[in-house]
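Novice: coordinates only, no sequence provided:
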């Protein structure tokens, strides 16, 4: 159940960050509200996740997958470029999450 909550927290955070892009500096009401609600939901679900998953593992997965997802959304929907540095950064995030899990961080 913890990983299901964590996945939902990640989805809410990614949705909130995407809405923030559309809020145009919080000058548009609906995307701004979606940003706030998305982050509140994300943090609430992350807090629930921490009841069953260690904080190091949960936060590594939450931030890592969220970062990789936002980078991918930026590439696909906002015309952001894909550079070797971005690829390396996402690879390092994935490796870091795997190492934390293999290293007994849970």
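Specialist: Received the coordinates, thanks. What you are looking at is a predicted structure, and each value in this text was computed from that prediction instead of being measured.
Novice: surely residue 42 and residue 13 touch.
Specialist: Yes: the criterion here is CB atoms under 8 Å, and residue 42 meets it with residue 13 at 4.0 Å. (Each C-beta comes from the backbone N, C-alpha and C, glycine too.)
Novice: so what's the spatially most central residue of the chain up against?
Specialist: In the chain, the residue lying closest to the centroid (CA atoms, centre = their mean) is residue 66, at 2.0 Å. For residue 66, the contacting residues are 10, 13, 14, 17, by CB atoms under 8 Å, 6 or more residues apart in numbering.
Novice: where does residue 32 sit: helix, strand or coil?
Specialist: Of the three states, residue 32 takes helix under DSSP: H, G, I helix; E, B strand; the rest coil.
Novice: identify the residue nearest the residue nearest to the centre of the chain in space, chain neighbours excluded?
Specialist: In this structure, residue 66 finds its nearest non-sequential neighbour in residue 13, 5.0 Å apart by CB to CB, 6 or more residues apart in numbering.
Novice: any chance of a ChimeraX selection covering the buried ones in the contacts of residue 66?
Specialist: Here is the ChimeraX selection string for the buried members of these, based on 16 or more other CB atoms under 10 Å:
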select :10,13,14,17
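Novice: next, give me the two most distant ones among the contacts of residue 66.
Specialist: Greatest spacing in the contacts of residue 66, by CB to CB: 10 and 17 (10.6 Å).
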